[in-house]
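Visitor: Provided below are the primary sequence and the corresponding predicted coordinates.
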Amino acid sequence: MKRLHKYLAIAAGVTLLTLPACKKDFLETSSTTSLGDKQAEGTQEGLLGIVNGLHSMMYAYNFGQGFGAGAPSLNLRLDLMSDDVINTQPASLREYTYLGAHNERGDDVINFRAWDFYYTLIQHTNIAIRGFKKTLTEEERKDKKIRYSVGEAYAFRAYAYHQLVQLYAKRYNASTAASDPGVVMRTDEATNAQLYEKARRGTVAEAYELIESDLKMAMETLKDLDQNNSRNHLRY
């Protein structure tokens with residue numbers, strides 16, 4: 001028994017002696033593979049990461065149901081709902097013509113997929129734009145990569161709201177747009193917590209005003225910068 005106690009004491013001593021040899025960051029709690037809200041909104045790297053993620057989402061977002069991904073897949077499905085395309089396959093994608101059940105389904109398929117896709121884009125553009133305005137320093141905002149990314153964020157938000165107001169609101173009529181129900185308006189003025197709360201439904205006019213404002217901001221920001229021709233970038 002004494003010998004056992006001796007061995008245990010030696011083992012404990014060796015363990016204590018080796019602890020200081022561990023890496024200095026062995027208690028680091030920050031993730032090295034993802035960004036938290038504060039990192040995403042409060043740093044240049046975070047803003048660049050958010051906008052890069054928006055580009056990836058355009059071709060990597062999974063709509064399920066066995067085919068396609070990203071905005072091109074969604075566009076194809078929206079075309080099937082129009083008068084410009086005739087689906088000649090009796091057993092394929094009938095939900096997009098409402099002939100399968102003769103009703104619109106709000107909890108799945110195209111209604112949910114489109115809503116989720118465009119508002120996810122909007123949610124992240126709002127975080128990026130708000131971080132640029134309120135968190136980055138004046139010197140950081142002058143960085144050309146940062147300016148390019150925030151210009152892209154404005155363009156993404158304009159695109160998303162344009163699609164939403166086309167799908168979920170009345171068509172634009174100058175005489176009634178100020179009172180016609182539009183879509184839920186979420187902007188960079190909201191805090192992170194408010195991004196997940198219920199928001200009011202704006203008017204058709206409000207949606208188009210924001211779209212126009214965002215497009216102008218995007219073009220003004222991008223036009224004087226060197227244009228990036230890589231896949232994950234928009235160009236003026």
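Guide: Thanks, I have it.
Visitor: now the strands for the chain?
Guide: Along the chain, the stretches classed as strands by DSSP state E are 181-184, 201-203.
Visitor: could you export those as JSON lines, including distance to Ser230, mean neighbour count and mean pLDDT?
Guide: All C-beta spots, glycine's among them, are computed from the backbone N, C-alpha and C. Conversion of these to JSON lines gives the following (distance: least, C-beta to C-beta, whole Å; neighbours: other C-beta atoms under 10 Å; pLDDT from 0 to 100):
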{"stretch": "strand 181-184", "distance to Ser230": "32", "mean neighbour count": "18", "mean pLDDT": "96"}
{"stretch": "strand 201-203", "distance to Ser230": "35", "mean neighbour count": "18", "mean pLDDT": "96"}
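Visitor: and those: which comes nearest Asn192?
Guide: Closest to Asn192 of the strands of the chain, according to C-beta to C-beta: strand 181-184, at 17.1 Å.
Visitor: ok, Leu215 touching Gly151?
Guide: No. Counting by C-beta atoms under 8 Å, Leu215 sits too far from Gly151 to count as a contact (10.6 Å).
Visitor: these two: who's more crowded?
Guide: Gly151 (23 against 16; other C-beta atoms under 10 Å).
Visitor: that one: what's it in contact with?
Guide: By C-beta atoms under 8 Å, 6 or more residues apart in numbering, the contact set of Gly151 is Met217, Ala218, Met219, Glu220, Thr221, Leu222, Leu225, Leu234.
Visitor: out of the residues you listed, which sit inside helices?
Guide: Members of those lying in helices (criterion: DSSP state H): Met217, Ala218, Met219, Glu220, Thr221, Leu222.
Visitor: nearest to Arg77 among those residues?
Guide: Using C-beta to C-beta, the ones in helices among the contacts of Gly151 come closest to Arg77 at Ala218, 26.4 Å.
Visitor: where does that closest one land on pLDDT?
Guide: Ala218 carries a pLDDT value of 96.
Visitor: and Tyr168, what does it touch?
Guide: Trp115, Val183.
Visitor: distance of it relative to Ile129?
Guide: 22 Å (C-beta to C-beta, to the nearest Å).
Visitor: give the PyMOL command for selecting the buried subset of the contacts of Gly151.
Guide: In PyMOL syntax, the buried subset of the contacts of Gly151 is picked out as below (16 or more other C-beta atoms under 10 Å):
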select buried, resi 217+218+221+222+234
